[in-house]
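Student: make a model of this:
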Amino acid sequence: MVNIRDLDPSASPLDYYGSELRRLREEAKLKQEDLGGIVFCTGSLIGQIETARKVPTRDFSERIDAALGTGGMFSRLVGLVLRSQLPAWFQEYAEMEVKATYISTFQAQLVYGLLQTPEYARAVLQAGWSDKLDEAVAARLERQRILSKAQPPLIWVVLDEAVLYRPFGGREVMRAQLDHLLGFADHREVRIQVLPFDVGQHPATVGSFNVLRFASDPDIVYAERYGSADVTANPATVRDCAHRYDHLQAAALSVEQSAALIARVREERYGDHPEPDGR
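Tutor: Next comes the predicted model:
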């Protein structure tokens, strides 16, 4: 039997979600085990979500909506719940990211978060010592929903070539991740370039950064540090970073050449090649 505790619905989106799930389940005269059977999960999981001990997924929320006839309420609420699982210092940026019409990003170490596969994201977040790994992965994947909006932002990505060679998660994870990047070739709103090793010096030696543009708000620059981030709309800083990004784009391989390089690294480094002993 799950230990039931009273929630303060105003404490957080997760608490509100849990309290509403419990209220509507009881109104439907269903036990936790009954509802779990309907949505293909355990009664224990229903209890954990009702008491805000477990974060719901989007798939779970859609099944709950269908089971309880809520008109999509939980599917709408789960976005707020998952966003609340992001680090506090990142949540402000995540809200702005949703509103952006154009995102340009330079990534020196990792594949850009909006383009990561679930397995690659898990490996990255695990390496970063995420306290709640499942929740962190779910929150990152939730951010990627902006790619399927009716009017998604134009996203221009410049990856340092080193990103292709750093095997987060191992060979299979990296092979799938590079396949995922190649899959954006026909995606009109996403463009990917690779800054090759041959370039040598470039104007982004300080590290990764994003420039976001909006329909009516000032442009911003975002750059991360350990446990925090810098977000600024200072015109001089934005102008400087935009200028640096122009140079990165000019120095990088073309979109077509970049795709060819990604495919070559995928095959040569992460392909299914036999070992010297024939395995």
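Student: where does the stretch 51-200 of the chain dip in pLDDT?
Tutor: Within the stretch 51-200 of the chain, no range satisfies pLDDT under 70.
Student: so where do the helices sit in it?
Tutor: Assigned by DSSP state H, counting those that start in this stretch, the helices in the stretch 51-200 of the chain fall at 58-68, 73-83, 88-99, 118-127, 133-143, 162-165, 171-182.
Student: so what touches the third one?
Tutor: Helix 88-99 is contacted by residues 83-84, 86, 103, 143, 146, 212, 214, 217, 220, 222, 227-229, 231 when judged by Cβ atoms under 8 Å, 6 or more residues apart in numbering. In this view, the C-beta of every residue, glycine as well, is placed from N, C-alpha and C.
Student: next step: these restricted to strands.
Tutor: 103, 212, 220, 222, 228, 229, 231 (DSSP state E).
Student: against residue 233, how distant is the third one?
Tutor: This points to residue 220. 5 Å (Cβ to Cβ, to the nearest Å).
Student: of the two, who's got more company?
Tutor: For the pair residue 220 and residue 233, the greater number of neighbours falls to residue 220 (20 against 14), based on other Cβ atoms under 10 Å.
Student: that one: what's it in contact with?
Tutor: Neighbours of residue 220 in contact, by Cβ under 8 Å, 6+ apart: 96, 211, 212, 231, 232, 233, 238.
Student: PyMOL command to pick out the buried ones of those?
Tutor: Command for PyMOL that selects the buried part of the contacts of residue 220, burial taken from 16 or more other Cβ atoms under 10 Å:
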select buried, resi 96+211+212+231+238
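Student: re the thing from before, nearest to residue 134, of the contacts of helix 88-99?
Tutor: Minimum distance to residue 134 across those is 13.8 Å, recorded for residue 86 (Cβ to Cβ).
Student: tell me, how many residues neighbour the residue nearest to residue 190 when sequence neighbours are not counted?
Tutor: On the basis of Cβ to Cβ, 6 or more residues apart in numbering, the spatially nearest residue to residue 190 that is not a chain neighbour turns out to be residue 184, at 4.4 Å. Neighbourhood size, residue 184 [other Cβ under 10 Å]: 18.
Student: same question, the one 10 residues further on
Tutor: As a burial measure, residue 194 scores 26 neighbours (other Cβ under 10 Å).
Student: and for residue 134?
Tutor: Neighbours of residue 134 (other Cβ under 10 Å): 14.
Student: now it: how far from residue 126?
Tutor: Distance from residue 134 to residue 126, by Cβ to Cβ: 11 Å.
Student: please apply the same query to residue 207.
Tutor: Applying Cβ to Cβ to residue 207 and residue 126 gives a distance of 21 Å.
Student: list the residues that contact the closest residue to residue 180 other than its chain neighbours.
Tutor: Counting by Cβ to Cβ, 6+ apart, the nearest residue to residue 180 once its immediate chain neighbours are dropped is residue 117, at 5.0 Å. Residue 117 makes contact with 173, 176, 177, 180, according to Cβ under 8 Å, 6+ apart.
Student: out of the residues you listed, which end up buried?
Tutor: Counted by 16+ other Cβ under 10 Å, the contacts of residue 117 give 173, 176, 177, 180 as buried.
Student: can you tell me which of the residues you listed is nearest residue 261?
Tutor: residue 177 (14.5 Å).
Student: for that closest one, which non-adjacent residue is closest in space?
Tutor: Leaving aside its chain neighbours, residue 177 sits nearest to residue 120 (4.4 Å; criterion: Cβ to Cβ, 6+ apart).
Student: could I get the helices of the stretch 51-200 of the chain in JSON lines, plus columns for distance to residue 25?
Tutor: As requested, the helices of the stretch 51-200 of the chain are exported to JSON lines (distance: least, Cβ to Cβ, whole Å):
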{"stretch": "helix 58-68", "distance to residue 25": "7"}
{"stretch": "helix 73-83", "distance to residue 25": "11"}
{"stretch": "helix 88-99", "distance to residue 25": "29"}
{"stretch": "helix 118-127", "distance to residue 25": "29"}
{"stretch": "helix 133-143", "distance to residue 25": "22"}
{"stretch": "helix 162-165", "distance to residue 25": "45"}
{"stretch": "helix 171-182", "distance to residue 25": "37"}
